[in-house]
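> Attaching a predicted model along with its sequence, questions to come.
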Amino acid sequence: MTLQFAWFIGHVATMFFSLRYVMYFVSFVGGSFWGQTYYRLALIAILLPYSIVIFKSARTKIRAKQPISALDILVNENGEYFFISGVLLLHPTRYLPTLLPYNVYAGLHILNYLRQQLIPAITGTKHSPGQQDSLGIWVKENYSNGMLLVAWLELFSWLRLFFSALSFSWSSIIVFVLYSVFCRLRYSQSQYFKAVITRLNHRGNVYFSTRSTNPTLAGYWQNFQSVMASARDRTSMEKYLGTGESQIAGSKKAS
């Protein structure tokens, strides 16, 4: 078995176990033994393809005799997704929304693997990278929408963890803080995540600028914007890593 095929199996397993957990969840038995088991297996499956990509990236640097550090991995999108899925795996509470972004990625990666590897192997024809097949066209046309969906799901997951943190459970607070760091990195690296935040901010400005809006609520909105802007500036990656966010955004997701 090649690493690439194991990577593919990891994505397939991610979707399979996630779907099984969703079936238990919508049946109101997500907390049952099998519901919990499928949730944990989904997170374990998520770790597999990301660990393979991280390993291959590290191996390439080692062979090229380039320095590598834990920080290099953490500021890379693959390392961030691997880290946060590991945090969720260790946390006792199950959060369904956090599985959904991984499944969007998994679906796109599976379709690409089918188009580039599996279908040519079955049919015995070599796939040309420039071939405008229907599957490739569909993936290309829907990639941006898929990434926007991922951004919305990650923001929704952050809100879910925020409400969980209001229980003042230390474990929930820690997971919320770590996921907040993850979202801050997504804001720095993903144009789609930044587009979602910009869109929400614009909608908020439009809504709270109308005359019918309660002035007190408008004041709260302005205060909220100030707090978030301050938090954004204080957590700028440029301050802590000695590099610009445009450079950090170059650490693209390779899985």
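Good, I have the coordinates. Residues are numbered from 1 along each chain as shown.
> all contacts plus neighbour counts: C-alpha atoms, from now on.
Will do.
> Not including adjacent chain positions, what is the nearest residue to residue 7?
Using Cα to Cα, 6 or more residues apart in numbering and skipping the chain neighbours, the partner closest in space to residue 7 is residue 49 (4.4 Å).
> Just the mean pLDDT for the helix or strand where residue 148 lies, thanks.
Element membership of residue 148 [criterion: DSSP states H and E] is helix 134-165. In this model, helix 134-165 has a mean pLDDT of 94.
> Report the buried residues of that helix.
136, 139, 146-155, 157-158, 160-162, 164-165 (16 or more other Cα atoms under 10 Å).
> element containing the residue nearest to residue 7?
Element membership for residue 49, per DSSP H and E: helix 33-63.
> So which bits of that helix are buried?
Along helix 33-63, these residues count as buried under the neighbour rule (16+ other Cα under 10 Å): 35-36, 38-54, 58.
> give me the low-pLDDT residue ranges for the stretch 51-200 of the chain?
By pLDDT under 70, the weakly predicted segments of the stretch 51-200 of the chain are 126-132.
> What segments of this structure are helices?
Ranges of helices in the chain, per DSSP state H, are 3-26, 33-63, 70-74, 77-90, 100-113, 119-123, 134-165, 170-189, 191-208, 215-234, 237-241, 245-248.
> what's near enough to touch the spatially most central residue of the chain?
Computing the C-alpha centroid of the chain and ranking residues by Cα atoms, centre = their mean puts residue 101 first, at 5.3 Å. Neighbouring residues of residue 101 by Cα atoms under 8 Å, 6 or more residues apart in numbering: 149, 150, 151, 153, 154.
> Tabulate those (TSV), appending distance to residue 12.
Output for the contacts of residue 101, formatted as TSV (distance: Cα to Cα, whole Å):
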residue	distance to residue 12
149	19
150	18
151	21
153	20
154	21
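> Next up, the contacts around residue 36.
21, 30, 94.
> From residue 179, how far out is it?
21 Å (Cα to Cα, to the nearest Å).
> Equivalent analysis for residue 106, please.
Distance from residue 106 to residue 179, by Cα to Cα: 20 Å.
> what about residue 224, neighbour count?
Here the number of neighbours of residue 224 (other Cα atoms under 10 Å) works out to 12.
> circling back: which helices and strands does the helix holding residue 148 pack with?
The helices and strands touching helix 134-165, judged by 3 or more Cα pairs under 8 Å, 6 or more residues apart in numbering; DSSP states H and E, are helix 100-113, helix 170-189, helix 191-208.
> okay if I get those as CSV plus distance to residue 80?
Compiled in CSV, the helices and strands packed on helix 134-165 are given as follows (distance: least, Cα to Cα, whole Å):
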stretch, distance to residue 80
helix 100-113, 12
helix 170-189, 7
helix 191-208, 15
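> Torsion angles phi and psi at residue 64?
The phi and psi values for residue 64, taken as degrees, to the nearest 10, are phi -90, psi 0.
> how much space between it and residue 58?
To residue 58, residue 64 is 10 Å away according to Cα to Cα.
> same question, residue 115
Distance of residue 115 to residue 58, given as Cα to Cα: 27 Å.
> What count of nearby residues applies to residue 168?
Neighbours around residue 168, by other Cα under 10 Å: 10.
> now swap in residue 234 and tell me
12.
> go on, residue 81?
Applying other Cα under 10 Å, we find 20 residues neighbouring residue 81.
> Contacts only, for it.
The contact partners of residue 81, taken as Cα under 8 Å, 6+ apart, are residue 50.
> quick one: the closest residue to residue 151 other than its chain neighbours from residue 231, how far?
Spatial nearest neighbour of residue 151, excluding adjacent residues (Cα to Cα, 6+ apart): residue 193 at 4.8 Å. Distance, residue 193 to residue 231, by Cα to Cα: 17 Å.
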